[in-house]
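# Show me the folded form of this:
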Amino acid sequence: MAKSNTGSAAAAAGKRNSARRAFAYGKVTKKPAAGSKRTQKAKKDNIRIAFLGGMNEIGKNMTLFEYAGDMFLVDCGLAFPGVELLGVDSVIPDFTFVEQNADKIKGIVVTHGHEDHIGGIPYLLKVLNIPVYSTRLTIGLIKGKLQEHGILNRAKLREVKPGDKVKLGKFTVEFIHVNHSIPDAVGLAISCAGGTVIHTGDFKIDTTPVDGDMINLSRFSEYGSKGVLALLQDSTNAERPGYSMSERKVGESFLNLFRKAGKRRIVVATFASNIHRVQQIIDVAKHLRRKVAVVGRSLENLVQVGEELGYLNVPDNILISIDEIRNHSDEKLVIITTGSQGEPMSALTKIANGEHKKVTASPNDYVIISATPIPGNEKMVGNVVNELMKRSVEVIYEKMYEVHVSGHACQEEQKLMMGLIKPKFFIPVHGEQKHLRKHASLAETMGIGKKNIFVGDIGNYIEISDKGIKQLEDVPSGEVYVDGYGVGDVGNIVLKDRKRLAADGIIIIVATIDSETGDVISGPDIVSRGFVYVRESEELINSVRDRALHIIDETYNSRYRDWNSIKTALRDEISHMLYEKTKRSPMILPIIMEV
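Predicted structure coming up:
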């Protein structure tokens with residue numbers, strides 16, 4: 001399986017890491033000189049951590065812990081591709097370092113069931129079939145993914161509960177309940193002879209959670225009173241002051257908005273993984289005697305798993321299939337759909353564009369987008385809102401309606417956790433550079449000295465002891481692109497070609513040559529795709545044809561038949577000619593046949 005963007009995983013990772021070195025927020029011991037051995041045995045009292053994802057990026061979370069030759073992983077997520085990654089379905093971590101240490105890795109611990117924490121697990125288990133430890137709902141969601149990939153039967157899935165401890169070589173890991181936008185989320189207390197490290201996972205402090213189970217602050221405090229060597233804390237909302245709102249606030253907003261909808265059909269778009277949000281929609285729909293239909297494969301899977309495992313309470317006869325909505329009047333319907341981020345292939349986007357096969361938007365629809373756009377998605381969400389409004393649909397998406405709350409801790413919650421845990425060293429994780437930096441500044445205000453704060457980067461490999469944080473030589477890391485069934489076979493060269501095709505199109509030159517005389521007996525035929533419309537550009541196409549014929553006559557040698565020289569000449573000269581005439585640079589694809 002290919003591992004990097006540019007062919008050689010190690011070369012790509014080296015190139016990436018040399019260009020973008022991580023830094024310490026304060027004083028950190030310098031890296032060893034080039035050529036030093038990364039595999040040397042760790043000192044007895046030192047814990048090592050390799051950041052393989054989730055640093056200086058949103059998503060793709062993956063961290064490796066090491067002590068005295070034993071290793072384990074925390075999370076293995078994916079990231080959703082930006083608009084520049086044309087055709088790519090998802091992005092997963094580079095597993096090179098994991099494969100290099102396959103005999104040392106005792107398992108993977110998963111903090112919760114969001115895609116940015118579990119999406120890469122099927123690809124990891126195809127490379128290294130290690131035990132997976134997590135809570136019930138998370139295991140249920142992972143099972144669905146493994147079944148899709150055809151590897152569920154051989155997977156080693158270990159279900160745990162908050163409060164449980166598991167032994168992973170010389171490590172003991174305790175699972176501690178936290179609040180997040182999905183049930184069964186946990187933080188981790190990672191203990192070994194070298195000390196205790198707390199990893200919060202994604203968390204918030206919700207005193208009135210929908211599932212009634214508040215974050216276990218007392219357990220974090222107990223560890224703090226015993227002494228914590230280092231804290232790795234979720235940085236997603238480090239820029240937001242105050243506290244995050246309780247999820248119950250959204251339920252209150254839904255009740256008010258559903259009543260306001262009157263006799264209109266209600267459509268709610270939300271994150272497919274937010275089972276608490278789905279529960280509140282169902283509860284309000286039941287209260288107002290409406291039926292609920294779910295649209296979107298990922299959302300349908302979540303409802304099925306949530307209901308089967310008891311995390312979703314669905315009253316009898318309230319759920320209907322999307323095919324049944326025609327049998328009910330608009331005033332009796334609520335449709336829950338994916339597409340809150342404006343994803344091009346999501347159900348809501350198709351509904352907005354009139355492309356959905358079973359749901360047609362109408363002026364009698366009342367659409368609620370129950371999410372805040374992820375940075376970079378604002379334009380896509382805006383496009384969906386605009387398209388719906390063109391169809392005279394009322395759309396509720398503004399923050400003032402309080403139809404979404406974050407699942408991540410804001411500054412006061414982050415400070416509270418730091419105060420309870422009282423770590424000697426602090427490492428912000430799960431965020432872009434601005435989030436990590438802001439979080440580091442926040443730690444300073446809590447009395448943690450600069451020299452004890454480490455702001456890292458993907459690929460960093462550090463060693464922690466009572467004496468300080470030492471940065472070791474970076475490990476292989478980066479991005480692997482998943483495109484259809486292909487994993488790692490789409491790299492920078494392929495993406496560059498796709499961007500060029502998208503920007504300027506392609507010109508295909510097809511010619512057949514007589515092998516004995518060297519004469520062109522067919523063509524050159526010129527095919528344009530995404531460049532110009534041939535019927536309206538006959539003069540340009542004819543000039544391309546004439547120039548191609550001239551180049552073939554000049555470069556073809558029946559004795560040597562240097563096809564590469566002919567094709568290179570066609571690409572270079574035709575490309576130059578077209579740029580001179582159009583200021584565009586389409587891809588030139590020569591196809592030369594000999595008979």
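# doesn't residue 374 make contact with residue 58?
Yes - counting by CB atoms under 8 Å, residue 58 touches residue 374, with 7.0 Å between them. All C-beta spots, glycine's among them, are computed from the backbone N, C-alpha and C.
# low pLDDT regions in the protein?
1-45, 82-88, 375-376, 400, 484-492, 494-495, 497-500, 517-518, 534, 556-562 (pLDDT under 70).
# Next, residue 103: phi, psi?
phi -70, psi -10 (degrees, to the nearest 10).
# Please read the previous query as pertaining to residue 457.
phi -140, psi 160.
# How much space separates it from residue 436?
9 Å (CB to CB, to the nearest Å).
# cool, residue 193 as well?
Noted for residue 193: a distance of 29 Å to residue 436, by CB to CB.
# Looking at those two, which is more packed in?
residue 436 (23 against 11; other CB atoms under 10 Å).
# In which helix or strand does that one reside?
Assigned by DSSP states H and E, residue 436 falls within helix 433-445.
# Within the sheet, what are the partner strands of the following helix or strand past that helix, with directions?
Going down the chain from helix 433-445, the next helix or strand is strand 461-465, by DSSP H and E. In the sheet, strand 461-465 lines up against strand 47-53 (antiparallel), strand 468-471 (antiparallel) (DSSP bridges).
# Could the C-alpha coordinates of strand 461-465 be exported in PDB?
Output in PDB follows, covering the C-alpha atoms of strand 461-465 (Å, rounded to 0.1, in the frame of the first residue of the first chain):
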ATOM      1  CA  TYR A 461       8.800  12.900  18.100                       C
ATOM      2  CA  ILE A 462       9.400  14.000  21.700                       C
ATOM      3  CA  GLU A 463      10.600  12.600  24.900                       C
ATOM      4  CA  ILE A 464       9.200  13.700  28.300                       C
ATOM      5  CA  SER A 465      10.700  13.300  31.700                       C
END
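# Pull the residues that contact that strand.
Defining contact as CB atoms under 8 Å, 6 or more residues apart in numbering, one finds that strand 461-465 is touched by 38, 42-43, 45-51, 194-195, 197, 229-230, 425, 454, 456, 469-475.
# if we go to 7 Å?
Strand 461-465 has contacts (CB atoms under 7 Å, 6 or more residues apart in numbering) with 42, 45-50, 194, 229-230, 425, 454, 469-475.
# Quick one: buried ones out of those?
Neighbour counting with 16 or more other CB atoms under 10 Å marks 42, 45-50, 194, 229-230, 425, 454, 469-475 as buried within the contacts of strand 461-465.
# shouldn't residue 90 be in contact with residue 120?
No - counting by CB atoms under 7 Å, residue 90 does not reach residue 120; the two are 8.4 Å apart.
# Could you tell me how many residues sit around residue 63?
22.
# With adjacent residues omitted, what lies nearest to it?
Counting by CB to CB, 6 or more residues apart in numbering, residue 74 is the residue found nearest to residue 63 once chain neighbours are left out, at 4.6 Å.
# right, and that neighbour touches residue 53 too?
No - applying CB under 7 Å as the test, residue 74 and residue 53 come out as separate, 10.4 Å apart.
# The two - which one has more neighbours?
More crowded of residue 74 and residue 53, by other CB under 10 Å: residue 53, with 30 against 24.
# who's the more buried one bridged to?
Counting by DSSP bridges, the residues bridging with residue 53 are residue 62.
# Hmm, residue 62 and it touching each other?
Yes - taking contacts as CB under 7 Å, residue 53 lies within contact range of residue 62: 3.8 Å.
# any common contacting residues for those two?
77, 93.
# looking at this, residue 521 is in a strand?
Yes - remark: residue 521 belongs to a strand, assigned using DSSP: H, G, I helix; E, B strand; the rest coil.
# residues in contact with it?
Neighbour list for residue 521: 512-514 [criterion: CB under 7 Å, 6+ apart].
# how close does it sit to residue 510?
Separation of residue 521 from residue 510 (CB to CB) stands at 12 Å.
# Now do the shared contacts for the two.
With CB under 7 Å, 6+ apart, residue 521 and residue 510 have no common neighbours.
# Output the longest helix belonging to the protein.
The longest helix of the chain (DSSP state H) is helix 563-582.
# list the buried ones in that helix?
Buried residues in helix 563-582 (16+ other CB under 10 Å): 566-567, 569-571, 573-575, 578.
# Please apply the same query to stretch 431-443.
431-432, 435-440, 442-443.
# now, among those residues, which is nearest to residue 410?
Relative to residue 410, the closest of the buried residues of stretch 431-443 is residue 442; by CB to CB it sits at 10.4 Å.
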